[in-house]
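Undergrad: make a model of this:
(one chain, ligands or ions: 1)
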Amino acid sequence: MKDIKEPLSNRKRADLYYELLAGGAKTKLLESIINFNLPELLSSKGEILESDLTKELELHPLRAKKWYFLLTREGFLRRKKTDLGYVYCLGPVTKQLMGKNNDQWWFFKQMTYSWQTIAYESLYSILRGATVNSDIHWPPKNDIESIAIEEWMTRTSVAPISTIESAINLNKVKHLLDIGGGEGTMACDFAKKYPHLKVTLYNLPVAIKLARKNIKLAGLDDRVKMVEGDFFKDRTFPAGCDLILFSRVLCDWSSETAERLLKMAYEALSPGGQVAICEAFQENNKDFSTAWEFRYLFWDEFETEVFKSSLTYKKILTDIGYKLTSLSKLTDDSTYTVLTAQKKKQIPIIQNIIRKWIGWKYERMQEIGY
Ligand SMILES: C[S@@+](CC[C@H](N)C(=O)[O-])C[C@H]1O[C@@H](n2cnc3c(N)ncnc32)[C@H](O)[C@@H]1O
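TA: As a prediction, this is how the structure comes out:
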């Protein structure tokens, strides 16, 4: 939320209004370059004359001129004046979005397509109960939906994997339980890099089907085990692991659901074991969460306020009885951070007996009025 000191001057009020409206305009410009594959076209051509571009994209010449102007002003294109007219090449914003990481640019495009499937529905009507014209389910219900979401996850897994590795010393972990662990991408990656590590992957049957193939292909069947489960139906997670990971899982659900899952993790962990939450915490990712939560407005299977702050998780974890152990620093490599907490170690039996004896003794002394 913007921190606005009241009252604003007329000029600042107008600025505020136009900033909001321009946000929508910029979104549409971004969508349009993606829909026309303009970044790929300009990457392959380097530069292109305005008249050639208009012809190649089969555009209305006057509207195209207005579009080029705006794209240039917003940094999507760069233009040069020549004797033959304007020549266009990639602008700084498009170059940055494309970056060097193909998977990230691929993901930005996928997210934009997903956004487009709903963004032009009437929010007014939807809020009054109109049907949303989308038949995609969350969580995925069939193979096609599961393949689509898991491809998103796999192609964006480099950042969370490296964030988790920097936050947790996996050399010291014996058995990792990866809840909602996609198609086994992280499980296989960690198992390959840490040969002592056993991993159990817990996911819905549709995702486990994909994971089974990947784990076999990686030759890791002996160390990466799979458990088909649905954390809305199951009351317990597989027990006895010393690290339970929720990577980009709890941010799909409300605080109430997250609390229930973290309690299940607490019960399943060995004493002294850790839980790790890796996701885009709200405090560092405001625009990110606004964009996603807007998307979810058109998707009734999503709960409310799914992107939570690390503070919210800290409270949930300590209320359950965990001891907070670390919150990783946000780096330039990733939008994700990792919060870890430990299940308290069991008191050794002998200490427990002494405690009980002292308690009993104290009660007896009170009874005899000592
Ligand atoms: C956003 S993906 C995260 C995948 C992976 N952890 C990662 O970070 O790449 C969420 C995962 O949660 C799983 N999931 C969703 N609902 C579930 C449920 N009710 N029980 C078990 N897993 C579930 C999905 O199948 C999917 O693999």
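
Undergrad: helix or strand for the residue nearest to residue 261 when sequence neighbours are not counted, which one?
TA: Take residue 261 and drop its neighbours on the chain: the residue closest to it by Cβ to Cβ, 6 or more residues apart in numbering is residue 231, 5.8 Å away. (C-beta placed from N, C-alpha, C; glycine too.) Using DSSP states H and E, residue 231 sits within no helix or strand.

Undergrad: how much space between residue 231 and the ligand?
TA: For residue 231, the distance to the ligand (Cβ to the nearest ligand atom, to the nearest Å) stands at 4 Å.

Undergrad: with residue 140 instead?
TA: Counting by Cβ to the nearest ligand atom, the separation of residue 140 from the ligand is 6 Å.

Undergrad: tell me the contacts of that residue?
TA: With contacts defined as Cβ atoms under 8 Å, 6 or more residues apart in numbering, the neighbours of residue 140 are 146, 148-149, 204, 206-207.

Undergrad: nearest residue to it in space, please, no chain neighbours.
TA: Using Cβ to Cβ, 6+ apart, the closest residue to residue 140 is residue 146 (4.1 Å).

Undergrad: next one: residue 230
TA: In space, residue 230 is closest to residue 204, 5.8 Å off (Cβ to Cβ, 6+ apart).

Undergrad: surely the one you found and residue 139 touch.
TA: Yes - assessed by Cβ atoms under 8 Å, residue 204 is found in contact with residue 139 at 6.0 Å.

Undergrad: distance of the residue nearest to residue 140 relative to residue 48?
TA: Using Cβ to Cβ, to the nearest Å, one obtains 40 Å as the distance from residue 146 to residue 48.

Undergrad: what does this structure put close to the ligand?
TA: Contact residues, the chain versus the ligand (Cβ under 6 Å from any ligand atom): 139, 153, 157, 160, 180-182, 186, 203-204, 207, 229-232, 247-249, 252.

Undergrad: tell me the phi and psi of residue 172?
TA: The phi/psi pair for residue 172 (degrees, to the nearest 10) reads phi -90, psi 0.

Undergrad: ah, wrong one, I meant residue 321
TA: phi 120, psi 0.

Undergrad: surely residue 70 meets residue 30?
TA: No - with contact defined as Cβ under 8 Å, residue 70 does not reach residue 30; the gap is 11.3 Å.

Undergrad: pick out whichever of the two has more residues nearby.
TA: A count of neighbours by other Cβ atoms under 10 Å puts residue 30 above the other of residue 70 and residue 30, at 19 against 16.

Undergrad: what's near enough to touch that one?
TA: 76, 112 are the contacts of residue 30 under Cβ under 8 Å, 6+ apart.

Undergrad: run the last query once more with 7 Å
TA: The contact partners of residue 30, taken as Cβ atoms under 7 Å, 6 or more residues apart in numbering, are residue 112.

Undergrad: for the ligand, what is the nearest residue in the protein?
TA: Going by Cβ to the nearest ligand atom, the ligand is nearest to residue 180 of the chain, at 2.8 Å.

Undergrad: contacts for stretch 61-76, please.
TA: Contacts to stretch 61-76, defined as Cβ under 7 Å, 6+ apart, come from residues 26, 29, 33, 50, 54, 77-79, 88, 91-94.

Undergrad: let me redo that: stretch 87-105
TA: Under Cβ under 7 Å, 6+ apart, the answer for stretch 87-105 is 33, 39, 42-43, 46-50, 53, 68, 72, 74-80, 108, 155-156.

Undergrad: can you give me how far that stretch is from the chain middle?
TA: Distance of stretch 87-105 from the chain centroid (Cα atoms, centre = their mean, to the nearest Å) equals 22 Å.

Undergrad: can you give me the buried ones in the biggest helix by length in the chain?
TA: The longest helix of the chain (DSSP state H) is helix 10-35. Neighbour counts over helix 10-35 (16 or more other Cβ atoms under 10 Å) mark 29-30, 33-34 as buried.

Undergrad: repeat for stretch 99-109
TA: 104-105, 107, 109.

Undergrad: do stretch 186-206 as well
TA: For stretch 186-206, using 16+ other Cβ under 10 Å, the buried residues are 186-191, 194, 197-204, 206.

Undergrad: what's the most distant pair in the residues you listed?
TA: Using Cβ to Cβ, the buried residues of stretch 186-206 reach their maximum pairwise distance at 194 and 206, which is 27.6 Å.

Undergrad: low-scoring stretches of this protein, by residue?
TA: Along the chain, the parts satisfying pLDDT under 70 run over 1-2, 347-352, 355, 357, 360, 362, 364-366, 368-370.

Undergrad: all strands of it, in order?
TA: With DSSP state E as the criterion, the chain has strands at 48-49, 77-82, 85-90, 175-179, 198-203, 224-228, 243-247, 274-279, 323-327, 337-342.

Undergrad: so what's the gap between the fifth one and the chain middle?
TA: Here strand 198-203 is found 20 Å from its chain centre; the criterion is Cα atoms, centre = their mean.

Undergrad: and for the first one?
TA: The gap between where strand 48-49 is centred and where its chain is centred comes out at 39 Å by Cα atoms, centre = their mean.

Undergrad: mind giving me the packing neighbours of it?
TA: strand 85-90 (3 or more Cβ pairs under 7 Å, 6 or more residues apart in numbering; DSSP states H and E).

Undergrad: and the second one, by the same measure?
TA: Identification of packing neighbours for strand 77-82 by 3+ Cβ pairs under 7 Å, 6+ apart yields helix 61-73, strand 85-90.

Undergrad: partners of it in the sheet?
TA: strand 85-90 (antiparallel) (DSSP bridges).

Undergrad: and the angle from the strand it pairs with to helix 61-73?
TA: For strand 85-90 against helix 61-73, the angle by axes from the mean of the first three to the mean of the last three Cα atoms, to 10 degrees is 50 degrees.

Undergrad: now strand 85-90 and helix 10-35, what's the angle there?
TA: Using the same axes, to 10 degrees, strand 85-90 lies at 80 degrees relative to helix 10-35.
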